[in-house]
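[1] with the sequence up front, the predicted model follows.
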Amino acid sequence: MISFYNTLSGEVEEFKPRLAGQASLYTCGPTVYDYPHIGNYRAYIFEDLLKRFLLFSDFKVTHVMNITDVDDKTIRGANSLGMPLYEYTKKYTEAFFEDIKTLRILPADYYPRATEHIDDMVRMIKGLLDKGYAYIKDGSVYFSLAKFPDYGKLSKINKDELKAGARVETDEYEKESVYDFVLWKKAKPGEPVWETEFGPGRPGWHIECSAMSTRYLGPNFDIHCGGIDNIFPHHENEIAQSEAFYGQKFVNYWLHCHHLVVDGEKMSKSKGNFYTLRDLLARNIDPVDLRFFLLSTHYRKMLNFTFDNLEQAKASRQRIIDFLYELEHQSLAEASQPESEPLAAAALTNFKESLADDLNISAALAALFELIRGTNSRLAKSQLSRQAANQVLAAIYQMDQVLAVLPEKKEEELTAEIMKKIEQREQARLEKNFALADSIRQELLQQGIMLEDTKEGVRWKKIK
Ligand SMILES: [Zn+2]
């Protein structure tokens, strides 16, 4: 049985997917106005752990992550540089994709861009107007909280603070502003504009996620994730828009991850404790150590980032790597007859059951380190056969399908792309185009492939 803490019910619940063996998952993606900071990546890595665990548990997962490429922040950013919005957001969208690859976050099945789904948003807003959940005021469209009595069920917001008729226009706001929120913002100078039957303008942030999640996953789906910051107003508003429009329950399980703080304080650029992934890479931090650090605290606990804590995570990860190396290279006797490895089997079961319990990562990692300790103690007493050692290795590599923190197995073969480059260089040499040949050689060198021209032909080796 798998269970998760559902923010909606406020309880740990058994996960019952809509369709047996399948999980539909929507995770709020980046607003591409800047490089994401490590707090954002904490949320994305928690979501990756969740997804990898579902895959590990034999679920077929359909994962959608939106790219918010039009909202208050992106427009402000583009305008401050006098750049077209598209060009501005393109840079940060590309950076985001690079970062998640570096952090070994599995890609989503769909990355819908808000600007490519305006029609879906317009259709929803039109529907909300028709059904009386929304109204037009001064050229903008607002959602009327008074028409949706369930408002507040996710964030448990105090409804006495609901100020009917008062409106809020910004995409982000605090709990003091429980007002009618904006679905469609009327056209303003310097802002991108789409023509609609309710007037020219552009979408508010909240409607984007309602439109894109249901577009790909249907009006009701299994899991929606984000950071606790998203609960109010973003996710509360998503529920209001989607449930009012479709007339049915929107999401069955809401999972939220807690904040990351730095040296015990909220990250902020002015305090100088604000880090992007790139900042850490520039300090020679191994991104996989960062991944291990970010995933090794339970997602519903606050996580304190310090360089000491990161160092500890690095050391723990190194212990696993060293252990694997030792075990792989030990000369051990073959067992006289096949035996099953009780430590490995127990550890694997423990690991799975811990993660099935609301992603209890501490207990899961404890099972892994317990296996290392147990195996080492048998090694010390010469009580481990090669077969048993291999079962331990297999168990740890299986765990790593979820953790993704071990060194990648060395590829013995070059990619087709690199093979093609080598052929092109050979061709260039035959044609005595040495400039081209040399530039390809340099290019490959930068990718860590060194070429050697020998009598037998060209040879390559990896130098990284
Ligand atoms: Zn969202």
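    Yes, it's here.
[2] give me the phi and psi for the residue of the stretch 1-150 of the chain found nearest the ion.
    The nearest approach of the stretch 1-150 of the chain to the ion comes at residue 28, 3.3 Å away (Cβ to the ion). Glycine gets a C-beta too; all of them are placed from N, C-alpha and C. When read as degrees, to the nearest 10, the backbone of residue 28 gives phi -60, psi 120.
[3] OK, contacts around it?
    Contact analysis of residue 28 by Cβ atoms under 8 Å, 6 or more residues apart in numbering lists 65, 66, 209, 225, 226, 227, 230, 234.
[4] and if we set it to 6 Å?
    With contact set as Cβ atoms under 6 Å, 6 or more residues apart in numbering, residue 28 has these partners: 226, 230.
[5] any idea of the pLDDT on it?
    We have a pLDDT of 97 for residue 28.
[6] then residue 455?
    64.
[7] now the residue in the stretch 201-350 of the chain that the ion sits nearest to. Nearest residue, chain neighbours left out?
    Of all residues in the stretch 201-350 of the chain, the one sitting closest to the ion is residue 209 (3.3 Å; Cβ to the ion). Using Cβ to Cβ, 6 or more residues apart in numbering and skipping residues adjacent in sequence, the residue nearest residue 209 is residue 238, 5.2 Å away.
[8] tell me the secondary structure for that neighbour?
    With DSSP: H, G, I helix; E, B strand; the rest coil as the basis, residue 238 sits in helix.
[9] show me what contacts it?
    Counted by Cβ under 6 Å, 6+ apart, residue 238 has contacts 206, 209, 210.
[10] following the strand or helix carrying the second one, which helix or strand shows up next?
    Using DSSP states H and E, the element containing residue 209 is helix 205-217. Downstream of helix 205-217, the first helix or strand assigned by DSSP H and E is strand 221-227.
[11] what comes up buried for that next one?
    Buried residues in strand 221-227, counting neighbours by 16 or more other Cβ atoms under 10 Å, are found at 221, 222, 223, 224, 225, 226, 227.
[12] on the pLDDT front, check the residue of the stretch 301-450 of the chain found nearest the ion for me.
    As assessed by Cβ to the ion, the ion sits closest to residue 359 within the stretch 301-450 of the chain, at 20.8 Å. You'll see residue 359 listed with a pLDDT of 98.
[13] just residue 421 next, same as before
    According to the prediction, residue 421 has pLDDT 85.
[14] same question for residue 15.
    For residue 15, the predicted pLDDT is 98.
[15] identify the residues contacting it.
    Residues near residue 15 by Cβ under 6 Å, 6+ apart: 2, 3, 4.
[16] next, count neighbours for residue 34.
    Here the number of neighbours of residue 34 (other Cβ atoms under 10 Å) works out to 16.
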